[in-house]
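K.L.:
Fold the following, please.
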Amino acid sequence: MTKAFTEAEFSAQLDGDRSWRIKEISDLKSAAIKADTGLRRVLLRSAITICYAHWEGHVRFAARKYFEYLALRKFQYKALDRQFLRNYFLPQLAALSKSKPSIEQRCDLVDEILNSSERRFSRMNEDLVNTKANLNFEVLSDICIVCNVPTTYFEDKATFIDLFLLRRRNSVAHGEELFLEIGDLDELTTETVSLMRTFGNAIENHIYLRTYRSA
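P.N.:
Just a heads-up that it's a prediction; the model follows:
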């Protein structure tokens, strides 16, 4: 997909990504409702995996597009919210914590941090928005921090994310004999779409409100 150079292009890309995912979820839901008993069992299992896949996929897409959009502008870190500079050093800090750095190495890192305000943001380390094919509430919270999205938006959905969506998806993916009841289909699809909208809208608001800028 081409890069978004304007706010309108960014919005269109997020909306386009979300729209085809929602349509696929809606089509599968309709097919499950209309199907006979045998086929319905198969479609309900498929609905679990599809809903999870689109939830994870949209979070990853929105987060990466957000950083790609800003990287094109090459803002200095001093012009951006402090989280961008934190993000720049998080991989280095993680690598440092696995070794036994000398005092000199630690001082060098501190100096680099202190002297980085003039540096320009031109690339995001994609590992920081890695859903790990296991987008539970803890992983989502980490991505929210990196994207400066309040985790409070999702706290009341933690049980749905971890148990209803992810655990059932894992059961199906591992070949376990788990079936979704037709009465659970509305909650599965409605809540999944709501989660996608909440995360995507939070990212889009950063662009339109320019909350990515330094206060």
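K.L.:
how far away is residue 133 from residue 169?
P.N.:
10 Å (C-beta to C-beta, to the nearest Å). Any C-beta I mention is one placed from the backbone N, CA and C, and that applies to glycine too.
K.L.:
Then residue 3?
P.N.:
31 Å.
K.L.:
again, but for residue 121
P.N.:
For residue 121, the distance to residue 169 - C-beta to C-beta - is 34 Å.
K.L.:
For residue 76, what are phi and psi?
P.N.:
phi -70, psi 150 (degrees, to the nearest 10).
K.L.:
what's the distance between residue 30 and residue 103?
P.N.:
In terms of C-beta to C-beta, residue 30 sits 64 Å off from residue 103.
K.L.:
Looking at the two, which is more packed in?
P.N.:
residue 30 (11 against 7; other C-beta atoms under 10 Å).
K.L.:
Nearest the geometric middle of this protein, what residue?
P.N.:
Closest to where the C-alpha atoms of the chain average out (C-alpha atoms, centre = their mean) is residue 59, at 2.7 Å.
K.L.:
higher neighbour count, residue 3 and residue 169?
P.N.:
Set residue 3 next to residue 169 and count neighbours by other C-beta under 10 Å: residue 169 wins out with 22 against 12.
K.L.:
And the pLDDT at that one?
P.N.:
Note on residue 169: pLDDT of 93.
K.L.:
how near is the residue nearest to residue 96 when sequence neighbours are not counted to residue 103?
P.N.:
Closest residue to residue 96 apart from its sequence neighbours, by C-beta to C-beta, 6 or more residues apart in numbering: residue 109 at 6.6 Å. Computed as C-beta to C-beta, the residue 109 to residue 103 distance reads 11 Å.
K.L.:
same question, residue 55
P.N.:
Counting by C-beta to C-beta, the gap from residue 55 to residue 103 is 45 Å.
K.L.:
Show me what counts as buried in the host helix or strand of residue 190.
P.N.:
Using DSSP states H and E, residue 190 sits in helix 185-209. Neighbour-count burial for helix 185-209 flags 185, 188-189, 191-193, 195-196, 199-200, 202-204, 206-207 (criterion: 16 or more other C-beta atoms under 10 Å).
K.L.:
Relative to residue 22, which of the residues you listed is nearest.
P.N.:
residue 193 (5.5 Å; C-beta to C-beta).
K.L.:
thought that closest one was touching residue 24?
P.N.:
No. With contact defined as C-beta atoms under 8 Å, residue 193 does not count as touching residue 24 (11.0 Å).
K.L.:
Give the rounded mean pLDDT of stretch 116-124.
P.N.:
On average, stretch 116-124 scores 92.
K.L.:
what's the answer for stretch 204-215, then?
P.N.:
94.
K.L.:
likewise stretch 141-156?
P.N.:
Stretch 141-156 comes out at a mean pLDDT of 97.
K.L.:
just checking, what's the longest helix in the chain?
P.N.:
With secondary structure taken from DSSP state H, the chain has its longest helix at helix 37-71.
K.L.:
I'd like to check the angle between that helix and helix 185-209, please.
P.N.:
If you take axes from the mean of the first three to the mean of the last three C-alpha atoms, to 10 degrees, helix 37-71 sits at 10 degrees to helix 185-209.
K.L.:
Since that was my last question, I'll sign off now.
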